[in-house]
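Enquirer: Quick one, fold the following:
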Amino acid sequence: MPPRPPPAPTARACAVIGCQRPHVSQGYCGAHYQKRRLMVASGRLHAAWVEGAAPHSVPDVILPRGRRPKADTAPATPPPTVNPAPRMWVRKKGHTAGATGADGTSGPGKPTPAGKPPASHLPSDGERAKATAQRWASEFRSRTRRG
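Expert: Next up, the predicted model:
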């Protein structure tokens, strides 16, 4: 008589209480095994989630969504201090090269080298809007006359 095949293994249930899926590794189904790996990697492993747990013996744990709150992580270095003065000046497209005088001083309404325009040269919002509208109108007129 030929040897009998071994009996079929019975499907063992997942270790988490209420989970009906069969166990895959270390007593947990695939989904709960991945959850356990996540808890181990993030340092939040529940004490009851042991390797090889018996079926339906581990309570389910609900982890918070997203990243950890910033209060948990202390900054390694203090934030850098912000220097109020600009580090370099950039001439905007369309502005003439003569916006700054030959001696390096700024013209009216232009920022001073210290980074802040003098209070006497600050244009109001209305004046800036009017100047911008006039500049746009002159650019529009110069384009339409050529073409």
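
Enquirer: Pull the residues that contact the helix or strand of the chain with the lowest mean pLDDT.
Expert: Of all the helices and strands that make up the chain, helix 125-146 has the lowest average by mean pLDDT, DSSP states H and E, namely a mean of 85. Contact with helix 125-146 is made by residue 123, as judged by Cβ atoms under 8 Å, 6 or more residues apart in numbering. C-betas here are computed from N, CA, C, even on glycine.

Enquirer: mind checking pLDDT for residue 61?
Expert: Looking at residue 61, its pLDDT reads 83.

Enquirer: and if you look at residue 18?
Expert: Per-residue confidence at residue 18 stands at 90 (pLDDT).

Enquirer: And it, how close does it get to residue 29?
Expert: Distance, residue 18 to residue 29, using Cβ to Cβ, to the nearest Å: 12 Å.

Enquirer: Looking at these two, which one has more neighbours?
Expert: residue 29 (20 against 8; other Cβ atoms under 10 Å).

Enquirer: residues near the closest residue in space to residue 24 that isn't next to it in sequence, how many?
Expert: Closest residue to residue 24 apart from its sequence neighbours, by Cβ to Cβ, 6 or more residues apart in numbering: residue 30 at 4.8 Å. Number of residues near residue 30 (other Cβ under 10 Å) recorded here: 13.

Enquirer: for this protein, what are the low-confidence residue spans?
Expert: For the chain, the stretches flagged by pLDDT under 70 are 1, 5-10, 67-80, 82-90, 95-122, 144-147.

Enquirer: tell me the contacts of the nearest residue in space to residue 56 that is not next to it in sequence?
Expert: Using Cβ to Cβ, 6+ apart and skipping the chain neighbours, the partner closest in space to residue 56 is residue 17 (5.1 Å). Listed by Cβ under 8 Å, 6+ apart, the contact partners of residue 17 are 56-60.

Enquirer: Pick out the most distant pair among those residues.
Expert: Using Cβ to Cβ, the pair of those lying farthest apart is 57 and 60, separated by 11.6 Å.

Enquirer: I figured residue 45 hits residue 36, correct?
Expert: Yes: between residue 45 and residue 36 there is a contact at 7.2 Å, judged by Cβ atoms under 8 Å.

Enquirer: Looking at these two, which one has more neighbours?
Expert: Comparing residue 45 with residue 36 by other Cβ under 10 Å, the one with more neighbours is residue 36, at 24 against 15.
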